[in-house]
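Asker: coords below, sequence missing:
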């Protein structure tokens, strides 16, 4: 309790909420902007928040990493986390996940919605996995009204596949043009002999 | 502090560490396996952890959603979070899509034809949208002659609606119009002046 | 090729009827006959392409309403055909049941929307393990070559949207091309060579034939099968040529299974 004075709680909770949902470390400047306080105040708050977790022996910590704040599991419990990762994480990409990765590789930059449109199904879960494993990363935002996040493949992806650059990806030959579907349809509907 | 007894802290911290690194809700069974305790113990721990956050007015909560535990931002700080995540919030479902979703949710497993029958309209377009959005997925096939695909709601549906499980859906009975409304409808359809 | 109605415009005939009744403050008979018909006709016109099923449903409701209203205007009930009366009562009960059902799900939909709005105020943590654990997580791309990736891309870009052709007006509501496609994608990989005749052995009704044929065309277009006919009128030979095991056309395979947290 001592670590986090009562009158700081409101601001501290706002910091916690935002850092909790972020997928990347958040720079203190950004937090300061959101809360409309100074960067120094953010640092003060985060120090106090971190100390309160320590004091309560929580399983996570609030740390400053790569210029930003993030939650991560406490090192004391790495054993559980490692077991969890080994136990439960997939060991190879499913065909559907590979397809999603292929779409990103060939169509980057691309948004989640565009991927879903190509795949015909929501790809959020798969995308989270690909991002989390570092094969895919956000590369910017769409100019459109939704400002959707755009994704592309990472350096790590190129290395893993042994590619020097994206230009190294095998070309996709053009698809055979549609058979004249209408014609065939007509034939099918024409009363014909025994099938 | 009262919410989380001192001697529970070690186990509680292990739960916190693992839930913190998971990208999807973690089923209590999995946590139980990792910690080598019973599922009941996990539930007890998570309740206590959640209560301790509440007590300390943290900016996040530990909740049971779609059959698993996850960290999420506290609704009280949605303002900050929304300003931070100008993310691809999927566009709202149309009334027609919502109604179809309700039919699937309450009548699952259900075929396209059965949905169309209830709605009085062909539901193929709407169903494709719901599948694409990941709210609905195929869960099997009808035994009947057509072997129609049967649909049900997905894990994603539960997550989006913040439901623990399908049992968490408000009971359908609650929505059946009351006697007086039915009477009014009946009156409107009455053929003779006085029956 | 898709044959569907734009559903944003209206919510189907029962919703419309419900709205109509509510808007007219429940007394349908205060409205003129022509207005009832007009409203339904206006909705019918909003349908850009003709959907036989939907049009029929609209007409049926409109006709029943007109019939009900006529009865109400007729004095007395002498000399009325009893069978016709019963049929009318049946139609009325049917409409009533549908209205109640429709109202129930409309309310349920509103409740779901409320759940969603409430849930939206919290965002889940999705960050996953930090980089310290990178070495623990197995490399998912182990054994994947760039050729495999290209193959996956070809599959992904093969024209996805499945044309759903309502064959319902031909044969109940049972056989659709979408369903048939799923059936074939399950069956064909296990039967590398099969003929159309064999596929239709158990059911060679016209709707089944049409649905199967259209589904085969779709698969052909996606380069998942080869079609061959030795001579005119010979049985069509189908060969499964798509690579790798099975993948559902509808893509309703649960993506949850491949997310880091698999369900247990």
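Answerer: Right, received. Where do you want to start? The structure presented is a predicted model; accordingly, all values stated were derived computationally and were not measured.
Asker: Show me where chain A has its helices.
Answerer: Counting by DSSP state H, chain A has these helices, from start to end: A:9-21, A:28-35, A:39-55, A:78-88, A:95-107, A:112-119, A:124-132, A:155-161, A:181-189.
Asker: how far off helix B:9-21 does the fourth one point, in degrees?
Answerer: If you take axes from the mean of the first three to the mean of the last three CA atoms, to 10 degrees, helix A:78-88 sits at 50 degrees to helix B:9-21.
Asker: Residues touching helix A:78-88, excluding its own?
Answerer: Here helix A:78-88 makes contact (CB atoms under 8 Å, 6 or more residues apart in numbering or on different chains) with A:73, B:14, B:17-18, B:21-22, B:30, B:33-35, C:129, C:132-133, C:136-137, C:260-262. Heads up, the C-betas are built off the backbone N, CA and C, glycines and all.
Asker: of the residues you listed, buried ones?
Answerer: Among the contacts of helix A:78-88, those classed as buried by neighbour count (16 or more other CB atoms under 10 Å in any protein chain shown) are A:73, B:14, B:17-18, B:21-22, B:30, B:33-35, C:129, C:133, C:137, C:260-261.
Asker: quick check, nearest of those residues to residue B:186?
Answerer: When those are compared for distance to residue B:186 (CB to CB), residue C:261 wins out at 50.1 Å.
Asker: Need the pLDDT of that closest one.
Answerer: If you check residue C:261, the pLDDT there is 32.
Asker: one step back: for the helices of chain A, please prepare a markdown table with the additional fields mean pLDDT.
Answerer: Output for the helices of chain A, formatted as a markdown table (pLDDT from 0 to 100):
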| stretch | mean pLDDT |
| --- | --- |
| helix A:9-21 | 96 |
| helix A:28-35 | 95 |
| helix A:39-55 | 96 |
| helix A:78-88 | 89 |
| helix A:95-107 | 92 |
| helix A:112-119 | 85 |
| helix A:124-132 | 87 |
| helix A:155-161 | 90 |
| helix A:181-189 | 46 |
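Asker: Dump the ones you listed into CSV; add distance to residue B:179 as well.
Answerer: Shown next, in CSV, are the helices of chain A (distance: least, CB to CB, whole Å):
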stretch, distance to residue B:179
helix A:9-21, 46
helix A:28-35, 52
helix A:39-55, 55
helix A:78-88, 51
helix A:95-107, 49
helix A:112-119, 44
helix A:124-132, 44
helix A:155-161, 63
helix A:181-189, 51
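Asker: does the closest residue to residue A:105 other than its chain neighbours have beta-bridge partners, and which?
Answerer: Spatial nearest neighbour of residue A:105, excluding adjacent residues (CB to CB, 6 or more residues apart in numbering or on different chains): residue A:153 at 5.1 Å. Note on residue A:153: beta-bridge partners by DSSP bridges are residue A:136.
Asker: Residue A:153: how many residues sit nearby?
Answerer: Burial of residue A:153, expressed as a neighbour count using other CB atoms under 10 Å in any protein chain shown, amounts to 24.
Asker: That one against residue A:135, yeah?
Answerer: Yes. Taking contacts as CB atoms under 8 Å, residue A:153 lies within contact range of residue A:135: 6.5 Å.
Asker: overlap in contacts of the two?
Answerer: Taking CB under 8 Å, 6+ apart as the criterion, residue A:153 and residue A:135 both touch residue A:101.
Asker: give me the element residue C:114 is part of.
Answerer: Per DSSP states H and E: residue C:114 is located in helix C:82-120.
Asker: Check whether that helix comes near chain A.
Answerer: No. Applying CB under 8 Å from any CB of the partner chain, one finds helix C:82-120 separated from chain A by no less than 12.3 Å.
Asker: Which other helices and strands does that helix contact?
Answerer: Using 3 or more CB pairs under 8 Å, 6 or more residues apart in numbering or on different chains; DSSP states H and E, the elements in contact with helix C:82-120 are helix B:95-107, helix B:112-119, helix B:155-161, helix B:179-189, helix C:13-23, helix C:52-73.
Asker: rewinding a little: select, out of the helices of chain A, the one closest to residue B:3.
Answerer: Nearest to residue B:3, of all the helices of chain A, is helix A:39-55, at 14.7 Å by CB to CB.
Asker: what's the neighbour count on the nearest residue to residue A:109 once chain neighbours are set aside?
Answerer: Among residues not flanking residue A:109 along the chain, residue A:150 sits closest, at 3.6 Å (CB to CB, 6+ apart). By other CB under 10 Å, 18 other residues sit near residue A:150.
Asker: So residue A:150 sits against residue A:139, correct?
Answerer: Yes. Residue A:150 is within contact range of residue A:139, at 5.5 Å (criterion: CB under 8 Å).
Asker: Which neighbours do those two have in common?
Answerer: Common contacts of residue A:150 and residue A:139 (CB under 8 Å, 6+ apart): A:108, A:109.
Asker: follow-up on the earlier one: what's next to the helix or strand that the helix holding residue C:114 is followed by, contact-wise?
Answerer: From helix C:82-120 onward toward the C-terminus, using DSSP H and E, the following helix or strand is helix C:146-157. Taking contacts as CB under 8 Å, 6+ apart, the residues outside helix C:146-157 that touch it are A:95, A:98-103, A:105-106, A:118-119, A:161-163, A:168-172, A:175, C:242-244, C:247.
Asker: how far off helix A:95-107 does helix C:146-157 point, in degrees?
Answerer: 90 degrees.
Asker: Report the angle between helix C:146-157 and helix A:112-119.
Answerer: Interaxial angle, helix C:146-157 versus helix A:112-119 (the same axes, to 10 degrees): 90 degrees.
Asker: in helix C:146-157, what counts as buried?
Answerer: Buried, per 16+ other CB under 10 Å, within helix C:146-157: C:148, C:149, C:150, C:151, C:152, C:153, C:154, C:155, C:156, C:157.
Asker: any idea of the mean pLDDT for that helix?
Answerer: Mean predicted lDDT for helix C:146-157 stands at 86.
Asker: Does the helix or strand following it reach chain B?
Answerer: Going down the chain from helix C:146-157, the next helix or strand is helix C:177-187, by DSSP H and E. Yes. Applying CB under 8 Å from any CB, one finds helix C:177-187 touching chain B at C:178, C:179, C:182, C:183.
Asker: The last one - how many residues pack around it?
Answerer: Taking other CB under 10 Å as the neighbour definition, residue C:183 ends up with a count of 19.
Asker: How about residue C:199?
Answerer: Neighbour count of residue C:199, defined by other CB under 10 Å: 26.
Asker: Please determine how far it is located from chain A.
Answerer: 9 Å (CB to the nearest CB, to the nearest Å).
Asker: close enough to count as contact, that residue and residue C:225?
Answerer: No. Using CB under 8 Å, residue C:199 is not in contact with residue C:225, being 11.5 Å away.
Asker: how much space is there between the closest residue to residue A:80 other than its chain neighbours and chain C?
Answerer: Using CB to CB, 6+ apart and skipping the chain neighbours, the partner closest in space to residue A:80 is residue B:14 (4.8 Å). According to CB to the nearest CB, residue B:14 stands 15 Å off from chain C.
Asker: mind giving me the domain split of chain A?
Answerer: For chain A, automatic domain parsing gives the domain ranges A:6-77, A:95-188.
Asker: show me what contacts the residue nearest to residue A:105?
Answerer: Taking CB under 8 Å, 6+ apart, we find residue A:153 in contact with A:101, A:104, A:105, A:108, A:135, A:136, A:137, A:166.
Asker: buried residues in the helix holding residue C:114?
Answerer: Those would be C:88, C:91-92, C:95-96, C:98-109, C:111-113, C:115-116, C:119, for helix C:82-120 by 16+ other CB under 10 Å.
Asker: which one is residue C:134 nearest to, not counting chain neighbours?
Answerer: Residue C:134 sits nearest to residue A:134 (CB to CB, 6+ apart), 7.6 Å away.
Asker: low pLDDT regions in chain C?
Answerer: C:1-13, C:19-37, C:40, C:46-54, C:68-85, C:159-175, C:190-192, C:201-204, C:243-264 (pLDDT under 70).
Asker: let's see 80
Answerer: By pLDDT under 80, the low-scoring segments of chain C are C:1-92, C:94-95, C:134-135, C:137-138, C:158-193, C:197-211, C:221-223, C:229-235, C:240-264.
Asker: Alright, calling it a day.
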